[in-house]
Structure formats: structure tokens, C-alpha cells
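Asks: what's the 3D shape of this:
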Amino acid sequence: MQLVSSAENSSLNWRAQYRYIEDIGDGRGYTGGIIGFCSGTGDMLELVELYTRRKPSNALAGYLAALRRVNGSASHAGLDPGFTAAWASAAGDKAFQQAQNDVRDAMYFNPAVARAKSDGLRALGQFIYYDAIVTHGPGNDPVSFGGIRAAALKHARPPAQGGDETAYLNAFLDARVAAMRTESAHEDTSRVDTAQRVFLKAGNLNLALPLRWKVYGDAFNITG
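Replies: Residues are numbered from 1 along each chain as shown. Purely as a prediction, here's the structure:
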């Protein structure tokens with residue numbers, strides 16, 4: 001979570017990101033929370049629906065109809081001007097924080113780790129998959145996680161198929177960088193180049209501490 005937060009929020013304090021929300025101009029509408037749920041891609045809608053099922057009277061429930069309408073677009077129609085303030089207010093609610101954790105795990109973390117383990121990848125590979133699925137989504141088109149993995153498989157086999165783990169992860173990162181460069185919002189590939197590649201080049205396939213890396217020029221470390 002700290003590694004992904006360093007790229008998503010320029011901070012290792014991922015728990016401080018429950019209240020984060022802004023439009024970063026990537027065509028996905030509002031981006032908010034611990035892994036960047038987006039109003040334009042469906043996961044923010046799923047999050048607010050889950051939160052509302054658990055706690056019907058909440059600061060965001062009144063925006064559900066608008067979230068359904070803007071899903072699939074960059075539009076703020078029906079969300080402005082109060083949505084960001086309502087999000088920040090909800091972020092102090094433990095139920096909303098837990099809903100963020102649960103949607104993150106169900107949509108991103110658990111599928112990424114399960115796929116990585118089935119490919120025979122250790123902790124670094126699991127992190128690489130998770131970071132990719134958070135950034136690109138879980139679909140199978142060329143710029144989504146499934147498409148990136150498919151592109152990597154054309155060049156190398158994962159350990160579960162008898163391949164070399166390092167060679168396969170290099171192929172996956174090559175495919176991911178190629179996908180990132182097709183989108184202006186992801187044209188800075190430092191989360192791969194000066195973070196994930198650093199660990200891979202060091203042979204740190206188990207993500208053993210200490211870890212030192214950079215993202216967008218900012219230096220980070222986890223020592224213990």
C-alpha cells in the first residue's frame with residue numbers, strides 16, 4: 001500500500017488518502033480515495049453504492065444518481081459544487097474507510113495477487129501486478145491489465161509456465177510502459193523506471209527491506 005501510494009499520492013501515508021479527491025484532468029472525472037477511485041470508470045460508483053448499502057444515511061448517498069449518469073465520462077454534471085466537500089466529510093467515517101478498503105481488495109488487490117501467485121510470482125511480481133491493475137484497470141483491452149499481461153506473454157513465460165521470473169517481469173514492465181505511453185495522463189513512467197525496475201535490477205524479488213526508490217523525482221524509503 002505504501003509503494004502504490006508513493007506513486008498515486010506522493011506519500012507513504014496511504015491511510016491519509018481516504019479524503020483525497022480532485023479532477024486530475026485524465027478524462028476519468030473525479031479521482032479520489034486510497035487507490036484513485038474514478039467517477040468516470042465505475043469503481044467510485046461501486047464504492048458509494050456499497051457505502052450506502054451499509055449506511056443509507058451518509059454524506060454521499062444523494063450523489064448516487066449523478067454518479068450513475070456520469071459513469072463512463074469525465075463529466076461533473078450533478079456532482080458540482082458539493083460532491084468534493086461531501087467526500088471529505090464522509091472520509092472521517094470508519095464505515096466509508098472500510099468500504100474503500102473492501103472495494104480496493106475486491107476489485108484490485110485480491111485479483112492482482114491471486115493472478116500473480118498463479119503465475120508463480122513472488123512479492124515483487126505481486127506488487128507489480130497490483131500497481132498495474134490500479135493504474136490501468138482489470139480489463140483485457142491493450143491498455144488494461146489483461147492486455148498488458150497478454151503482451152508480456154508473447155515475449156516471456158512466467159515461472160508457473162517454466163519461465164524465468166526476472167525475464168518475465170521485465171517483459172511485463174516493457175509492455176506496461178508501452179501502454180502508459182499511449183495515454184498522456186501516464187506519460188511519466190517513473191513509477192516503473194525508478195521504482196519497480198530498481199527492485200527488479202537488484203534481484204529483490206521478495207521485496208526485502210530496506211527499499212529505496214523514486215517516483216516523479218521524489219525519493220522514498222521503507223527501512224523497517
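Asks: list the contacts for residue 66?
Replies: Residues in contact with residue 66 (C-beta atoms under 8 Å, 6 or more residues apart in numbering) are 77, 78, 79, 83. Using the backbone N, CA and C atoms, a C-beta is placed for each residue, glycine as well.
Asks: look up phi and psi at the third one.
Replies: Taking degrees, to the nearest 10, you get phi -100, psi -40 for the backbone angles of residue 79.
Asks: and the residue lying closest to it once chain neighbours are set aside, what element?
Replies: Closest residue to residue 79 apart from its sequence neighbours, by C-beta to C-beta, 6 or more residues apart in numbering: residue 66 at 5.2 Å. Taking DSSP states H and E as the criterion, residue 66 maps to helix 64-70.
Asks: CA-only coordinates of that helix in CSV, if you can.
Replies: Output of helix 64-70 as CSV, limited to C-alpha atoms (Å, rounded to 0.1, in the frame of the first residue of the first chain):
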residue,chain,number,x,y,z
LEU,A,64,-25.7,8.3,-6.5
ALA,A,65,-28.0,9.3,-9.3
ALA,A,66,-25.4,11.7,-10.6
LEU,A,67,-22.6,9.2,-10.3
ARG,A,68,-24.6,6.7,-12.4
ARG,A,69,-25.2,9.4,-15.1
VAL,A,70,-21.5,10.5,-15.3
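Asks: so how far is residue 178 from residue 135?
Replies: According to C-beta to C-beta, to the nearest Å, residue 135 and residue 178 sit 14 Å apart.
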